[in-house]
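# Got a sequence here, can you build the structure:
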Amino acid sequence: MLLLADILSTLDLVESGDGIFVAEQRDNPSHHIVGGHISAQALMAASRTVPGRLPHSLHVYLLRAGDARYPVQMEVSSLRDGGSLSTRRVIGRQGGEVLLEALVSFSVDMDAADYHQPRPVVPDPETLPPVEEQLQAFADEAGGYWVNPQWIERRYIDPPPRLAIDLPEPPARTRMWWRVGEPVTDDPIVNSCLLTYFSGTALLDTTVTMRRATQVSVFSALIDLAIWFHRPADLSDWLLSDQVSPSGINGRGLASATLYNRAGQLVCSTAQEMYFGRRRD
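Next up, the predicted model:
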């Protein structure tokens, strides 16, 4: 079981040189580095070089699979420091090979127009069952994958993938309320990293649903991820993730999501592409 403390410990990067950070991984039976996790670490590395400014966008390409038994070296380059915007390039290496390249942009607070699209009208999270309760009938499948506790709590408005696979037609959207299930810091940098981790993993739901599959029945790998951080999020309260997969082609699945807080404010927008190029044994 992955705990919040496990993630936070790997976001506490060790600086080993000018702009060089060591990112420890959390090993697992397949030794697979989770794309959302390493993307969050790249964001943290870049943030460590831009004091006083918060990230507003992140664009990551994940080029190779890494080995979670070994750390990843994050190399941060300063591309620009302007009056209101800063930009950093991050290269993640392991064993001499490039695993990812990322561009991260930071900004200062400005007195400017503030608007956003309204939050969809959906049931309140308190009226919905926890996902572990929804999927209790499948508790014996995949080593308890569907009901094992996670670092986030989820309450689905639309059927989660394990239920959607049995429907005549897949739901057009996957909407869920979620929050961090343990006490969490209000540090905006850490919360942006946790949003990155969530986005890089949760959007898989909508792509596997459209493929008439589940997370445990197919091979998948995150190949690119983009996030725009609109305003700080309180991860101790429920956030709504409204997810859709508009396209699947050539072994890839595109997904996007808008995330809103309880007050109806748009917190972040995200898009990613997953690779489903081969069948999982």
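
# Three-state assignment for Thr214, please.
coil (DSSP: H, G, I helix; E, B strand; the rest coil).

# Does it touch Ile165 like I think?
Yes. Here Thr214 reaches Ile165: they are 5.9 Å apart, a contact under CB atoms under 8 Å. (C-beta placed from N, C-alpha, C; glycine too.)

# Tell me which of the two has more neighbours.
Per other CB atoms under 10 Å, whichever of Thr214 and Ile165 has more neighbours is Thr214, with 22 against 16.

# ok, for that one, nearest residue in space, not its chain neighbours?
Once flanking residues are discounted, Thr214 sits nearest to Pro161: 4.6 Å by CB to CB, 6 or more residues apart in numbering.

# For the one you found, which residues are in contact?
Pro161 is in contact with Thr174, Asp205, Val208, Thr209, Ala213, Thr214, Gln215, counting by CB atoms under 8 Å, 6 or more residues apart in numbering.

# and it, backbone torsions?
When read as degrees, to the nearest 10, the backbone of Pro161 gives phi -50, psi -40.

# Which strands and helices lie in contact with whichever strand or helix holds Leu254?
Taking DSSP states H and E as the definition, Leu254 sits inside strand 252-261. For strand 252-261, the contact count by 3 or more CB pairs under 8 Å, 6 or more residues apart in numbering; DSSP states H and E identifies helix 188-202, helix 204-210, strand 239-249, strand 266-275 as packing neighbours.

# most tightly surrounded among these?
Highest mean neighbour count among the helices and strands packed on strand 252-261 (mean count of other CB atoms under 10 Å): helix 204-210, with a mean of 26.

# can I see the domain layout of the protein?
Domain assignment for the chain, taken from the TED database, gives 1-109, 124-280.

# for the last one, what is the average pLDDT?
When pLDDT is averaged along domain 124-280, the result is 91.

# residue contacts, the residue most central in space within the chain?
In the chain, the centroid-proximal residue (CA atoms, centre = their mean) is Ser199; its distance is 2.5 Å. Residues in contact with Ser199 (CB under 8 Å, 6+ apart) are Gly36, Leu225, Ile227, Ala257, Leu259, Cys268, Thr270, Gln272.

# Look up how far Pro29 lies from it.
Separation of Ser199 from Pro29 (CB to CB, to the nearest Å): 24 Å.
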